[in-house]
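# Quick one: sequence and predicted model below, then my questions.
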Amino acid sequence: MSKFGVLVMGPAGAGKTTFCTALIEHLQNSRRSCFYVNLDPAASDFSYEPDLDIKDLISLDDVMEELSLGPNGGLIYCFEFLLQNLDFLSTAIEPLSEEYLIIFDLPGQIELYTHIPLLPGLIGHLSRSGPLNISLCAAYLLEATFVIDKAKFFAGTLSAMSAMIMLELPHVNILSKMDLVKDLMGQKELKRFVDPDQALLDDEDTGRGSAAHTVDLRDPAEIDTVMSGGSFKKLNRAVAKLIDDFSMVSFLRLDVQDEDSVGDILSYIDDAIQYHEAQEPREPREREDAEPAWEGG
């Protein structure tokens, strides 16, 4: 029996847990079952208490204190420990039926999604090729305020593409916190960021010129020259061209305060995991108190 799940991921501050909360509320309003799994060993505040919490297995605070590790090193240790104790997940998830949507809330350290091969090992256990047989998709969140700074936006888009390539899962990319930018940018301009391409940089005019002189990196006043000079612009264009050449990344727009917006995102997730195709058709119930058909006399 196949199960269904979504991995909610993205950089710190992208609104992953807020999205999980909105998704749970929408599922409950739709009378649909869900199972909430927190895989962030540093998370503490939840609107909905997780059904399964990695902190019951290992805590980032304990790891940092006992092993004298920093936040990133401690997080990697926690995930390595989880991979050595996958029964922690299996015991809780195996009894779930196909009617559940299993929501995995992941931490915000993007190195987990870009170059450290820990998540592929976890996905191998969770996915259809593994013992838990979950039809999975990844929901990668990027904060919509990134569109204000195009260089930052393309860097975030590159991280989303990196996650798509490394995880090899059906992927839904989401611009979250749309309510923060709807008054800063018109709808027509926002639509240009849904399908990112190099043309977004063609009309950019920073007005700061190029860095023609030698930059002294020891001088804080010169740092802005590095981040706005000709070499930086060339780097941005190279990143944008790479994204454009692959043509893999497009975004959905999310406003968690709008239930219709949350419902639209869920419909894309359901399509990616083929949720509705696996549901058996239900026979309509006959009304026991149905009145006999009227017969004309």
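Happy to help now that I have it. Residues are numbered from 1 along each chain as shown.

# residue ranges for the strands of the stretch 101-250 of the chain, please.
Remark: strands assigned in the stretch 101-250 of the chain by DSSP state E, counting those that start in this stretch are 101-105, 134-143, 171-176.

# Out of those, which is closest to residue 234?
When the strands of the stretch 101-250 of the chain are compared by C-beta to C-beta, strand 134-143 sits nearest residue 234, at 23.3 Å. For glycine as for every other residue, the C-beta is placed from the backbone atoms N, C-alpha and C.

# before we move on, back to that, how about the strands of the stretch 101-250 of the chain in JSON lines, adding mean neighbour count?
What follows is the strands of the stretch 101-250 of the chain, written out as JSON lines (neighbours: other C-beta atoms under 10 Å):
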{"stretch": "strand 101-105", "mean neighbour count": "25"}
{"stretch": "strand 134-143", "mean neighbour count": "24"}
{"stretch": "strand 171-176", "mean neighbour count": "24"}
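
# Can you tell me which of those strands is nearest to residue 51?
strand 101-105 (9.0 Å).

# Now do the one helix or strand residue 61 maps to: which elements does it pack against?
Secondary structure assignment for residue 61, by DSSP states H and E: helix 60-67. For helix 60-67, the contact count by 3 or more C-beta pairs under 8 Å, 6 or more residues apart in numbering; DSSP states H and E identifies helix 71-84 as packing neighbours.

# and for the helix or strand following the helix it packs on, what are the contacting residues?
Sequence order places helix 87-93 as the next helix or strand after helix 71-84, per DSSP H and E. Outside of helix 87-93, the residues within contact range by C-beta atoms under 8 Å, 6 or more residues apart in numbering are 3, 35, 37, 51-52, 54, 56-57, 82, 102, 125-126, 131-132, 134.

# which among those residues end up buried?
3, 35, 37, 51, 52, 54, 82, 102, 125, 126, 132, 134 (16 or more other C-beta atoms under 10 Å).

# In this model residue 116 seems to touch residue 80, though I could be wrong.
No - the criterion here is C-beta atoms under 8 Å, and residue 80 misses it with residue 116 at 9.9 Å.

# out of the two, which sits in the more crowded spot?
Legend: neighbour count by other C-beta atoms under 10 Å for residue 80 and residue 116, higher for residue 116 (17 against 13).

# Which of the strands of the stretch 101-250 of the chain sits closest to residue 63?
Using C-beta to C-beta, the nearest of the strands of the stretch 101-250 of the chain to residue 63 is strand 101-105, at 18.9 Å.

# what's the angle between that closest one and strand 134-143?
Interaxial angle, strand 101-105 versus strand 134-143 (axes from the mean of the first three to the mean of the last three C-alpha atoms, to 10 degrees): 40 degrees.
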